[in-house]
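Engineer: give me the fold of what follows.
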Amino acid sequence: MHPDEWQARVQLAACYRVFDLLGWTEMIYNHITLRLPDSVTGGAKQFLINPFGLHYSEVTASNLLKIDLQGNKLEDSPWPVNPAGFTVHSAIHEHVPDAHCVMHTHTTSGLAVACSQGGLAQNNFYSAQLHDQVAYHDFEGITIHADEAPRLLQAIADKPLVILRNHGLLAWGATLPLTLVRLWTLQRACDIQVAQAALGPAIAVPEAVARKTTQDALQFDAQFGAGQDVFDALVRRIDRIDPGYKN
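Structural biologist: Numbers count the residues shown, from 1 in each chain. Modelled structure (predicted):
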């Protein structure tokens, strides 16, 4: 195996364990996908995805599935690919040039916000860091139909975060750490919004302040690591709990 592929496998397997640590799992469902580098594929778009049937806590570097844009397995594995997950991921990987990593969750607070008419509220520290970064896509049912892809891509445009209405949260990015830190910020914004809603009317953040806050959110800036430091810290926690994901 090419060393770059193994490196990608270890990184992605660690990320599945991080999601488990954070409580972002949905039994055996949901997905994180990572495009393999051209050094491995010669320019073909190939991806790693979790085996359908395994909990995130069971994902390892070696049991991740390598697949093509159509979701076909490129290597033997006893585990299938979940078409409900890859339909969305495939469309983004194929048509959004910088989408090397795609993450999708059904967390309770994320889904609660996705079910609200107003969507993400501009009223807290975290949502203020996401001004003009969040797209919305209307619910069309379980995402197994390829004809939904053009409408999804039109809704996303160039925004790196997506609230799938009535469904959940989605993030994409040029790297796995950047995608993670974007999704984490959106998740925190949803957590705060849901908790705050029980307390009555919120204090709105003015648009100008939100715009400035987003510009100042250095965690997304490549000059400041773009999430690598956050991811590394979380992986160190995983290593102390169970380094078996590296197998």
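Engineer: might one say that Gln46 is in contact with Arg35?
Structural biologist: Yes - Gln46 lies in contact with Arg35 (Cβ atoms under 8 Å); the separation is 7.2 Å. (C-beta placed from N, C-alpha, C; glycine too.)
Engineer: output the longest helix belonging to the protein.
Structural biologist: helix 176-197 (DSSP state H).
Engineer: for the helix or strand that that one is followed by, buried residues please.
Structural biologist: Sequence order places helix 207-216 as the next helix or strand after helix 176-197, per DSSP states H and E. For helix 207-216, burial by neighbour count (16 or more other Cβ atoms under 10 Å) applies to Ala210, Thr213, Thr214.
Engineer: what's near enough to touch Ser77?
Structural biologist: Residues near Ser77 by Cβ atoms under 8 Å, 6 or more residues apart in numbering: Pro51, Asn63, Leu65.
Engineer: same thing but at 10 Å, please
Structural biologist: The contact partners of Ser77, by Cβ atoms under 10 Å, 6 or more residues apart in numbering, come to Pro51, Ser62, Asn63, Leu64, Leu65, Lys66, Ile67.
Engineer: so how far is Val102 from it?
Structural biologist: Per Cβ to Cβ, to the nearest Å, Ser77 is found 20 Å from Val102.
Engineer: swap in Gln187?
Structural biologist: Taking Cβ to Cβ as the measure, Gln187 falls 15 Å from Val102.
Engineer: coming back round to it: can I get the buried residues of helix 207-216 in TSV with pLDDT?
Structural biologist: Shown next, in TSV, are these (pLDDT from 0 to 100):
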residue	pLDDT
Ala210	96
Thr213	95
Thr214	94
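Engineer: what ranges do the helices span in this structure?
Structural biologist: 3-22, 38-41, 83-95, 108-114, 149-156, 176-197, 207-216, 228-241.
Engineer: the longest one packs against which elements?
Structural biologist: For helix 176-197, the elements it packs on are helix 3-22, strand 31-35, strand 101-105, helix 108-114, strand 134-137, strand 161-164, strand 168-173, helix 228-241, judged by 3 or more Cβ pairs under 10 Å, 6 or more residues apart in numbering; DSSP states H and E.
Engineer: for that helix, output the C-alpha coordinates as CSV.
Structural biologist: Only the C-alpha atoms of helix 176-197 are listed here, as CSV (Å, rounded to 0.1, in the frame of the first residue of the first chain):
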residue,chain,number,x,y,z
LEU,A,176,-9.9,16.8,7.4
PRO,A,177,-8.8,19.0,10.3
LEU,A,178,-10.3,22.1,8.6
THR,A,179,-13.6,20.3,8.0
LEU,A,180,-13.7,19.1,11.6
VAL,A,181,-13.2,22.5,13.1
ARG,A,182,-15.8,24.0,10.8
LEU,A,183,-18.3,21.3,11.8
TRP,A,184,-17.4,21.6,15.5
THR,A,185,-18.1,25.3,15.4
LEU,A,186,-21.5,24.8,13.7
GLN,A,187,-22.3,22.0,16.2
ARG,A,188,-21.5,24.3,19.1
ALA,A,189,-23.6,27.1,17.6
CYS,A,190,-26.5,24.6,17.4
ASP,A,191,-25.9,23.4,21.0
ILE,A,192,-26.0,27.0,22.3
GLN,A,193,-29.0,27.9,20.2
VAL,A,194,-31.1,25.0,21.5
ALA,A,195,-30.1,25.6,25.1
GLN,A,196,-30.7,29.3,24.9
ALA,A,197,-34.2,28.8,23.3
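Engineer: what's the average pLDDT for that helix?
Structural biologist: Mean pLDDT, computed over helix 176-197, is 97.
Engineer: return the set of buried residues in that helix.
Structural biologist: By neighbour count with 16+ other Cβ under 10 Å, helix 176-197 contains the buried residues 176-194.
Engineer: next one: the last one
Structural biologist: Neighbour counts using 16+ other Cβ under 10 Å place Gln228, Val230, Phe231, Leu234, Val235, Ile238 of helix 228-241 among the buried residues.
Engineer: relative orientation of the helix or strand of the chain with the lowest mean pLDDT and strand 168-173 in degrees?
Structural biologist: Here the helix or strand of the chain ranked lowest by mean pLDDT, DSSP states H and E is helix 83-95, holding a mean of 87. On the basis of axes from the mean of the first three to the mean of the last three Cα atoms, to 10 degrees, helix 83-95 is oriented at 30 degrees to strand 168-173.
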